[in-house]
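Visitor: My questions are about this predicted structure, shown below with the sequence.
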Amino acid sequence: MTTATPDVSALIIDDKDRHIFRVHRSAFTDARIFELERQYIFDTCWLYLGHVSELPGPGAFISRTVAGRPLIMTRDRDGALHVLFNTCPHRGALVCREASGTTRTFTCPYHAWVFDYTGRTISRPIPESYSQACADDPSLNLQPVPRFDEYAGFVFVNFAAKGESLADYLADAKPYLDDIAAQDRESMVIVGGTQAYSARANWKLLQENSADGYHADSTHATYFDYIRNREGTVKNLFAKKGLGRVRNLGNGHAVGESFNGTPWGRPLARWIASWGEDVKAEVDAAYREMAGRLGEARAERICHGDRNLLIFPNLVINDIMGITVRTYYPVSPDYFEVSAWALAPKNESRVLRDLRLSNYLEFLGPAGFATPDDQEMLELCQRAYASTPWVQWNDLSRGMATEDGDCPPKQDELQMRTFWRQWRRLLEDGMGKEAGTASRHAVKVGAWA
Amino acid sequence: MTMHPLRGEIEDFLYREADLLDNWQLREWTRLFTDDGSYLIPPLEAPDSDPSDMLFLVYDDRNRLEERAKRLLSKRAHAEFPHSQTRHLYSNVRIEELAGDELTARCNFVVYRSKWDVNDIYPGRSTYRLRRTPDGWRIASKRAALDLAVLRPQGKVSIIL
């Protein structure tokens, strides 16, 4: 047992000559790695906080934990957003204890300091006992997060005061977020009903899983059985030739996407027979509305495609049978918490909204027909990593020989390699190390055991 | 206060449901439902909301609850292979009369789930709409609201509550 600083470069074998990509399993179990991730990933990257639709008007607020930090997001009377640490500058208590609501002020329950929705302290009991210096001290307001910004309705925070802008950070993921935001003529909205769940596994296993085309046929066999029972037939998705493609979107972001390649229906707008003719008219009308607004080509791409979008490090937006926005954070190396929401077009008809929510749950969520089996796979992996001293590596080499081609299929593992390369880069940069060489000798890595 | 005259009969029905679930007789469980029956688990923070405009955990019509049962009996329903051990405890049964052949029954529940080294507890309250049919009582809807602020550390509801 050693407590020396881990050699993060040695955790990944990225051998571009032999097309071998391996991740050392201690990356999922080592508490020292977990500390480095907190420091060099969660404290430097843009992290998803919430969606603008969750703050519908002046005085609206949500309170939420991001990377373990309790935050409040508010909207002021001019419509501007504020993101504050949810801790009283006096003695520290959580100032806001409700998940959402509307308010003009926040009153700390401990000593009744009162703050407005910009965080400014507007009253303290027995004010005459404070000096003028205290009364004027801005550090005695609710403190803003170092940075926050919004893109296409998605609000992110950054705990580092300096660094690249959100727009730069999102890189080539931006057009995909634009395509989500464009699905309503006015705006997209988070539907009520947060799915707050967890898994007894390392958080990175969920990032790997969320756009893994290779696992669908085996992990989700019973979901496809269900579709087959209902629709009478299922497209042979996972034929040898591969489905769709994976794209590296830069900065660790990736997308797995396909066009008319999946057997489920999309409320916007890919009708399936079991929905019936009445619904078909609604689905067609929604498609025509979008095509009129965005043009046929873009509407077709959005409505007939499916996208599993990974925003580094811990945001997944899957635009599939519904749109799920899912973020997660590790409490320990072997346990993480997930918060997931359904996103929907604001002006969707009642019939389509109902269909969307029902459709979402046939696959997604902790009681869906698929997500529990995903969680099971993550937990099976985590359990078995107890053997790491003897069985040390995960293999993510699939499709590596063709990963720079035009169309690496969705069943390949490029999206995971994209994540891990960024993960290693950030840890190495954070630790001030030289970039690792492509391949390390196993003996050196054996020191991990 | 006297006991509702139907309470014993309804309790027997609910205990039979619990037995079927704990014995993994899930096909038999689906036969307790009417043809238009539904099975719902509302969002944790909004137990009385409407599934057509809130994201539930389960929103099954009769067809889907049957598919759910069928799926869970497959060896490829990985989260429940091997099957976990469960125990459904129902209590505080209350009966409310409705018009015609239907009544509403409410009960509290605790479901224990055990698998490998993990023991999970699911507390909550269920609302049943029951219909009297020539074959006996049948479930027109079952709505199981969990008394959990978050689904942690359980992480999932891979069993039927």
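Guide: Ah, there it is. Numbering: from 1, shown residues only, chains lettered A, B, ... in the order given.

Visitor: The closest residue to residue A:362 other than its chain neighbours and residue A:134, how far apart?
Guide: Excluding its sequence neighbours, the residue lying closest to residue A:362 (Cβ to Cβ, 6 or more residues apart in numbering or on different chains) is residue A:369, at 5.6 Å. Every C-beta, even on glycine, is put in place using the N, C-alpha and C of the backbone. Distance, residue A:369 to residue A:134, using Cβ to Cβ, to the nearest Å: 58 Å.

Visitor: and those two? which has more neighbours close in?
Guide: Each of residue A:369 and residue A:134 has its neighbours counted (other Cβ atoms under 10 Å in any protein chain shown); residue A:369 has more, 24 against 12.

Visitor: helices and strands around whatever helix or strand residue A:72 lives in, which ones?
Guide: Assessed by DSSP states H and E, residue A:72 sits inside strand A:69-75. Here strand A:69-75 touches strand A:47-51, strand A:60-66, strand A:81-85, going by 3 or more Cβ pairs under 8 Å, 6 or more residues apart in numbering or on different chains; DSSP states H and E.

Visitor: Centre of the chain to the longest helix seen in chain B, how far?
Guide: In chain B, with assignment by DSSP state H, the single longest helix is helix B:7-22. Relative to its parent chain, helix B:7-22 has a centroid offset of 11 Å by Cα atoms, centre = their mean, to the nearest Å.

Visitor: what's the answer for stretch A:273-284, then?
Guide: 31 Å.

Visitor: where does the chain have low pLDDT?
Guide: If you meant another chain, say so; for now it's chain A. Scanning chain A for pLDDT under 70 picks out the ranges A:1-3, A:235-242, A:433-449.

Visitor: actually chain B
Guide: B:1.

Visitor: can I assume residue B:96 sits in a strand?
Guide: Yes: under DSSP: H, G, I helix; E, B strand; the rest coil, residue B:96 falls within a strand.

Visitor: Could you pull up the contacting residues of the closest residue to chain B within chain A?
Guide: For chain A and chain B, the shortest gap (Cβ to the nearest Cβ) falls at residue A:193, measuring 3.2 Å. Going by Cβ atoms under 8 Å, 6 or more residues apart in numbering or on different chains, residue A:193 touches A:341, A:342, B:43, B:45, B:46, B:49, B:54, B:55, B:56.

Visitor: Now, these that are in helices?
Guide: Here DSSP H is the test, and these give no hits in helices at all.

Visitor: Selecting buried members of those residues in ChimeraX, what would you type?
Guide: The ChimeraX selection below is limited to those of these classed as buried (16 or more other Cβ atoms under 10 Å in any protein chain shown):
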select /A:341,342 /B:43,49,54,55,56
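
Visitor: so what does the helix or strand hosting residue A:284 touch, helix or strand wise?
Guide: Assigned by DSSP H and E, residue A:284 falls within helix A:277-294. Judged by 3+ Cβ pairs under 8 Å, 6+ apart, helix A:277-294 is in contact with helix A:296-304, helix A:350-361.

Visitor: how many degrees apart are the longest one and helix A:277-294 in direction?
Guide: Helix A:350-361 and helix A:277-294 meet at an angle of 100 degrees, taking axes from the mean of the first three to the mean of the last three Cα atoms, to 10 degrees as the criterion.

Visitor: Counting by contacts, list what helix A:350-361 packs against.
Guide: helix A:277-294, strand A:335-345, strand B:58-60.

Visitor: Run the chain-centre distance for that helix.
Guide: Worked out by Cα atoms, centre = their mean, helix A:350-361 lies 22 Å from the chain centre.

Visitor: Which parts of stretch B:52-70 count as buried, going by neighbours?
Guide: Buried residues in stretch B:52-70, defined by neighbour count with 16+ other Cβ under 10 Å: B:54-60, B:62, B:64-70.

Visitor: Out of those, which is nearest to residue B:153?
Guide: residue B:57 (16.2 Å; Cβ to Cβ).

Visitor: so that closest one sits right up against residue A:371, yeah?
Guide: No: applying Cβ atoms under 8 Å, one finds residue B:57 not in contact with residue A:371, separated by 10.4 Å.

Visitor: intersection of neighbour lists for those two?
Guide: By the contact definition Cβ under 8 Å, 6+ apart, residue B:57 and residue A:371 are jointly contacted by residue A:365.

Visitor: Outline the domain layout of chain A.
Guide: A:48-167, A:182-427 (automatic domain parsing).

Visitor: Same list (those) but as a markdown table, adding distance to residue B:36.
Guide: Converted to a markdown table, the domains of chain A look like this (distance: least, Cβ to Cβ, whole Å):
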| stretch | distance to residue B:36 |
| --- | --- |
| domain A:48-167 | 34 |
| domain A:182-427 | 15 |
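
Visitor: most tightly surrounded among these?
Guide: Greatest average neighbour count among the domains of chain A goes to domain A:182-427 (a mean of 19), per mean count of other Cβ atoms under 10 Å in any protein chain shown.

Visitor: distance between the ends of it?
Guide: With Cα to Cα, to the nearest Å as the measure, the first residue of domain A:182-427 is 35 Å from its last.

Visitor: what do you get for stretch A:297-311?
Guide: Taking Cα to Cα, stretch A:297-311 runs 25 Å from one end to the other.

Visitor: and it, how far out from the chain's middle?
Guide: Put simply, stretch A:297-311 sits 17 Å off its chain's centre (Cα atoms, centre = their mean).

Visitor: so, in contact with chain A or not, the top strand by length along chain B?
Guide: Among all segments of chain B classified by DSSP state E, the strand with the greatest residue count is strand B:118-133. Yes: for strand B:118-133, a contact with chain A is found by Cβ under 8 Å from any Cβ of the partner chain, at residue B:118.

Visitor: got the phi/psi numbers for the most centrally placed residue in chain A?
Guide: Residue closest to the mean C-alpha point of chain A, counted by Cα atoms, centre = their mean, is residue A:315 at 1.2 Å. Main-chain torsions, residue A:315, degrees, to the nearest 10: phi -130, psi 130.

Visitor: Now do the host helix or strand of residue A:198: which elements does it pack against?
Guide: Under the criterion of DSSP H and E, residue A:198 resides in strand A:195-199. With contacts taken as 3+ Cβ pairs under 8 Å, 6+ apart, strand A:195-199 sits against strand A:335-345, helix A:371-384.

Visitor: Give me the angle between that strand and helix A:350-361.
Guide: Going by the same axes, to 10 degrees, strand A:195-199 makes 10 degrees with helix A:350-361.

Visitor: follow-up on the earlier one: not counting the longest strand of chain B itself, show me its contacts.
Guide: By Cβ under 8 Å, 6+ apart, the list of residues contacting strand B:118-133 reads A:200, B:10, B:13-14, B:34, B:47, B:90, B:98, B:101-114, B:137-148, B:153-154, B:157, B:161.

Visitor: and it, how far from the chain's centre?
Guide: 4 Å.

Visitor: rewinding a little: quick one: residues in contact with the longest helix of chain B.
Guide: Helix B:7-22 is contacted by residues B:25-26, B:28-29, B:32, B:86-90, B:93, B:95, B:103, B:105, B:107, B:128, B:130, B:136-137, B:139, B:159-160 when judged by Cβ under 8 Å, 6+ apart.

Visitor: tell me which residues in that helix are buried?
Guide: Of the residues in helix B:7-22, those with enough neighbours to count as buried (16+ other Cβ under 10 Å) are B:10, B:11, B:13, B:14, B:17, B:18, B:20, B:21, B:22.

Visitor: Now residue A:319: closest residue in space that isn't a chain neighbour?
Guide: Of all residues not flanking residue A:319 in the chain, residue A:307 sits nearest, at 4.6 Å (Cβ to Cβ, 6+ apart).

Visitor: ok, what's across the strand from the one you found?
Guide: Residue A:307 has these beta-bridge partners by DSSP bridges: residue A:257, residue A:319.

Visitor: close to chain A, is the next helix or strand after the longest helix of chain B?
Guide: Once helix B:7-22 ends, the next helix or strand along the chain (criterion: DSSP H and E) is helix B:26-30. No: counting by Cβ under 8 Å from any Cβ, chain A is not contacted by helix B:26-30; separation bottoms out at 13.1 Å.
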